[in-house]
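> I'd like to go over a predicted model; first the sequence, then the structure.
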Amino acid sequence: MKIDWKSKLTSRKFWVAVVGFVTPILLAFGVSQDTVTQVTAIIMSGATFVTYIFAEGKVDAAGKDETNE
């Protein structure tokens, strides 16, 4: 079974699952709540960036298809 990474990386559910996995691990290792908050913010910012890049690529590809017709 091949994993569709493009779909995974643009999924909000995937990123929420990543945060839901990482946060309790950091807390279990005694990381301060301030640091956990910062890590969570970085993960979600990265998710926003990745989703934007893929979405813009899709829009650009659709625009090129229309001009080639």
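Arrived safely, thanks for sending. Residues are numbered from 1 along each chain as shown.

> where are the low-confidence patches of the chain?
Low-confidence segments of the chain (pLDDT under 70): 65-69.

> counting contacts, what elements does the helix or strand encompassing S7 pack onto?
According to DSSP states H and E, S7 maps onto helix 5-9. Applying 3 or more CB pairs under 8 Å, 6 or more residues apart in numbering; DSSP states H and E, we find helix 5-9 packed against helix 33-67. For every residue, glycine as well, the C-beta is placed using N, CA and C.

> and the helix it packs on, what does it pack onto?
helix 5-9, helix 12-28.

> will you turn those into CSV that also has mean neighbour count and distance to Q38?
Output for the helices and strands packed on helix 33-67, formatted as CSV (neighbours: other CB atoms under 10 Å; distance: least, CB to CB, whole Å):
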stretch, mean neighbour count, distance to Q38
helix 5-9, 12, 22
helix 12-28, 13, 10
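
> can you list the ones you listed in JSON lines and add distance to F54?
Shown next, in JSON lines, are those (distance: least, CB to CB, whole Å):
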{"stretch": "helix 5-9", "distance to F54": "6"}
{"stretch": "helix 12-28", "distance to F54": "12"}
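
> For A61, which of these is the nearest?
Shortest distance between A61 and the helices and strands packed on helix 33-67, using CB to CB, is found for helix 5-9: 12.0 Å.

> can you tell which of the helices and strands packed on helix 33-67 is closest to A47?
Smallest distance to A47 across those (CB to CB): 3.8 Å, for helix 12-28.

> Show me the contact partners of that closest one.
Residues from elsewhere that reach helix 12-28, judged by CB atoms under 8 Å, 6 or more residues apart in numbering: 8, 33, 35-36, 39-40, 43-44, 47, 51.

> Cool, thanks, talk later.
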